[in-house]
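[1] here is my input, please return the structure:
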Amino acid sequence: MGHDKRREILASAFCENFKDFLKDLRILYPDDSKLKYYFIAFNGAVLTNKENVVLQTMEYISPYANQILEKNEDFFLKKIHVEYQDNSWISDEMGRIREIWLDKDTKESTKEIIWKYFSNFIKIGEMLN
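    Numbers count the residues shown, from 1 in each chain. From the prediction side, this is the model:
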């Protein structure tokens, strides 16, 4: 398989994974208008340039790959809050994920789902490099 085709497949897998993540969050929080907006905005970004979506996401999370893969909660408690303040589409989404993480009503099973997706983002994103 050619290098470009491999990149296209991985970028598609990454974006599908992210869409599934947002869908799962919308199922858990059906009245959350922010999540609905993020889902629509994400789909628009994917239609424009899948690989750019992957690159932007990985720019934010790859420095914390070890924390994510080790399920170190500091990523959501501290890092995500400080790092994601630049008003990009992903900073808004990450801010909302942090709010969900900090919500006292968020179940451990929901946090495990979030870890699963973030681990997948890291693994697929690293294959693109």
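
[2] C-alpha only now, for contacts and for neighbours.
    Fine.

[3] before we move on, what SS does residue 64 have?
    With DSSP: H, G, I helix; E, B strand; the rest coil as the basis, residue 64 sits in helix.

[4] how close does it sit to residue 26?
    The spacing between residue 64 and residue 26, counted by C-alpha to C-alpha, to the nearest Å, is 25 Å.

[5] same question for residue 13.
    In terms of C-alpha to C-alpha, residue 13 sits 20 Å off from residue 26.

[6] can you count the residues close to residue 64?
    18 (other C-alpha atoms under 10 Å).

[7] ok, it to residue 4 distance?
    From residue 64 over to residue 4 the distance is 27 Å, taken as C-alpha to C-alpha.

[8] try residue 117
    Taken as C-alpha to C-alpha, the span from residue 117 to residue 4 is 25 Å.

[9] shaky segments in the protein?
    Along the chain, the parts satisfying pLDDT under 70 run over 1, 79-89.

[10] can you show me the helices along it?
    3-28, 33-48, 50-61, 65-69, 74, 80-83, 89-102, 108-128 (DSSP state H).
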